[in-house]
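Enquirer: Pasting the sequence and the predicted coordinates here, then a few questions.
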Amino acid sequence: MCYTVLDLSTHESRYLFKFGHKSYMNKHQQLIDFLPPSSNFRNDASGTITSYRINQSQTKNTERPALVFLHGFNGSSKSWACQFAHFTNHTVIAIDAPGFGESQSVEGGMVAIADEVAALIASLVTGKVVIIGHSMGGMLAQVLGATHPDRCQAIILSCTHKGRAQPVGSPLGAAVQERIQQREVMDDASYGALRVGKMLSGKIDPQMMAFLAAIAGEIRVEGIRCGGFAMQYLDTSPFLEKITAPVAIFTGADDVVVKPDAAAALKAGLPQARHWLLADVGHAPYCEDAASFNASIEAFLDKVLAG
């Protein structure tokens, strides 16, 4: 597959892509068309199946690390269409969290999930990779960086925090239980629109809103329950000091999901991290302003690769 981004305009979200001989403007379904197909990996050690998407680099520059994207609670591997389209000089991998896409649930919380992700990465790539984790995926990235440092060249944490830090065994939180109840009774379109409407700044183009809502509408109860428990029992505080890879923290200036105190606590736990404040975006900067999000990734990678 060949992707070329011709224009990614801030706020107006004028997404114009070439895909082979076709060109598209403001069509969320065409963003889905840009995605590589989903594949499944079976971890022989655990028997767990994890789904993912991969697009090999179009260049022969082996110095550019593979980029591994980990989505949030309202997303899937499809969430990263704008990044697949942009980062054609890197191998790009997007992984479905347990219970999302075709991935099976994982028992054992975020550490067990990190083990599954590390096994998948090892099956696809030799050497270290750059982990980009958003929200729930950012919590996973923190644990992955601490428990599998041999896989991580650098880590980017987007709109995330350290977890809910509730006692293991405590009942699933009321907000997540409400999500499950909504998912059980609502059709895909209504559920997707509801979830996405709660996480954006209100400045996003309607076409991109539809793109995100279509993805959220595919989420299964299994994923909500698995991700909900993993985040509820997680406190990454003891993991942060074990992260040796360079870290960047991206914060959406209008994020209504990750509160300022939670973002500040994460920054305090990673004093060595570089910080990017992304203007005029809420909780989905990878789509709300893909151009700035991608440029921030590139700026950080330039610093990492320069040593």
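Expert: Thanks, I have it.
Enquirer: all helices of the chain, in order?
Expert: 28-33, 81-86, 109-124, 136-147, 174-185, 188-197, 206-216, 221-232, 237-240, 260-269, 285-288, 290-306 (DSSP state H).
Enquirer: Name the residues that touch the longest one?
Expert: For helix 290-306, the surrounding residues in contact (C-beta atoms under 8 Å, 6 or more residues apart in numbering) are 8-10, 13, 15, 63-65, 67, 82-83, 86-87, 130, 132, 153-154, 156, 158, 246, 248, 250, 274, 276, 278-279, 281, 285-286. All C-beta spots, glycine's among them, are computed from the backbone N, C-alpha and C.
Enquirer: got the angle between it and helix 206-216?
Expert: Angle, helix 290-306 to helix 206-216, by axes from the mean of the first three to the mean of the last three C-alpha atoms, to 10 degrees: 70 degrees.
Enquirer: Number the residues from 38 up from this point.
Expert: Okay, using 38 as the starting number, the last item reads as helix 327-343.
Enquirer: List the buried residues in helix 327-343.
Expert: For helix 327-343, burial by neighbour count (16 or more other C-beta atoms under 10 Å) applies to 327-331, 333-334, 337-338, 341.
Enquirer: C-alpha coordinates for it, PDB please?
Expert: Output of helix 327-343 as PDB, limited to C-alpha atoms (Å, rounded to 0.1, in the frame of the first residue of the first chain):
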ATOM      1  CA  ALA A 327      -3.000  15.200  13.000                       C
ATOM      2  CA  ALA A 328      -0.500  17.600  11.400                       C
ATOM      3  CA  SER A 329       0.700  19.000  14.700                       C
ATOM      4  CA  PHE A 330       0.500  15.600  16.400                       C
ATOM      5  CA  ASN A 331       2.700  14.000  13.700                       C
ATOM      6  CA  ALA A 332       5.100  17.000  13.600                       C
ATOM      7  CA  SER A 333       5.500  16.700  17.400                       C
ATOM      8  CA  ILE A 334       6.400  13.000  17.100                       C
ATOM      9  CA  GLU A 335       8.900  13.900  14.400                       C
ATOM     10  CA  ALA A 336      10.500  16.700  16.500                       C
ATOM     11  CA  PHE A 337      10.900  14.300  19.400                       C
ATOM     12  CA  LEU A 338      12.300  11.500  17.200                       C
ATOM     13  CA  ASP A 339      14.800  13.900  15.700                       C
ATOM     14  CA  LYS A 340      16.100  14.700  19.200                       C
ATOM     15  CA  VAL A 341      16.200  11.000  20.100                       C
ATOM     16  CA  LEU A 342      18.000   9.900  16.900                       C
ATOM     17  CA  ALA A 343      20.500  12.700  17.200                       C
END
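Enquirer: which one of the buried residues of helix 327-343 is nearest L307?
Expert: F337 (13.6 Å; C-beta to C-beta).
Enquirer: So among the contacts of helix 327-343, which ones count as buried?
Expert: 45, 50, 52, 101-102, 104, 119-120, 123-124, 167, 169, 190-191, 193, 195, 283, 285, 287, 311, 313, 315, 318, 322-323.
Enquirer: what about the nearest residue to A103 once chain neighbours are set aside, distance to I91?
Expert: With sequence-adjacent residues excluded and distances taken as C-beta to C-beta, 6 or more residues apart in numbering, A103 is closest to T128, at 4.0 Å. Taking C-beta to C-beta, to the nearest Å as the measure, T128 falls 7 Å from I91.
Enquirer: Looking at the helices of the chain, spot the one closest to T85.
Expert: Using C-beta to C-beta, these put helix 146-161 closest to T85, at 5.6 Å.
Enquirer: roughly how far out does that closest one sit from the chain middle?
Expert: Distance of helix 146-161 from the chain centroid (C-alpha atoms, centre = their mean, to the nearest Å) equals 15 Å.
Enquirer: ditto for stretch 124-135
Expert: Using C-alpha atoms, centre = their mean, the offset of stretch 124-135 from its chain centre is 10 Å.
Enquirer: Quick one: end-to-end distance for that stretch.
Expert: 25 Å (C-alpha to C-alpha, to the nearest Å).
Enquirer: from memory I252 sits against K115, does it?
Expert: Yes - the criterion here is C-beta atoms under 8 Å, and I252 meets it with K115 at 5.0 Å.
Enquirer: Good, we can wrap up now.
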